[in-house]
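Engineer: How does the following fold in three dimensions:
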Amino acid sequence: RKAVFVLFINLRLVECGPLKRACEAVYGAILPKAEKPFMFMSLSLPPATVDVNVHPTKREVHFLHQDDVVEAIQTALEAKLIESNGSRTFSLGGLGPDANGLGDGGPGT
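Structural biologist: Numbering: from 1, shown residues only. Reported below is the predicted structural model:
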């Protein structure tokens, strides 16, 4: 099973192979091997920078300065994932019979 990549550009459902591969590479470096991410991305770009005449169905797109666009998105995604991964904290305080103020249920509580 492969990763699912849903891409909207200017509210239109499209595909961009280089962008999908770049995002898969970022997730592949962070997630365990067996995990396959679901990615949803919606971009608003100037229409003149998006080439929809790549395929007769106009589903596949290329970007003007595609390498730069893909690299910028890949870098931003990587930074966001690293930031969110490092911000996970777990509090173990307050666990146990007295945590809710009810005592241990024994005599005198």
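Engineer: okay, now Phe5: neighbour count?
Structural biologist: 19 (other CB atoms under 10 Å). Yep, even glycine has a C-beta here, placed from its N, CA and C like the rest.
Engineer: I'd say it and Lys20 touch.
Structural biologist: Yes. Contact criterion CB atoms under 8 Å: Phe5 and Lys20 qualify, at 4.5 Å.
Engineer: could you dump the helix or strand hosting Phe8 to CSV, C-alpha only?
Structural biologist: Element membership for Phe8, per DSSP states H and E: strand 4-9. Extracted C-alpha coordinates of strand 4-9, given in CSV (Å, rounded to 0.1, in the frame of the first residue of the first chain):
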residue,chain,number,x,y,z
VAL,A,4,-2.1,8.8,-0.4
PHE,A,5,-1.3,12.2,-1.7
VAL,A,6,-4.3,14.5,-2.4
LEU,A,7,-3.2,17.8,-4.0
PHE,A,8,-5.4,20.8,-4.7
ILE,A,9,-3.9,23.8,-6.5
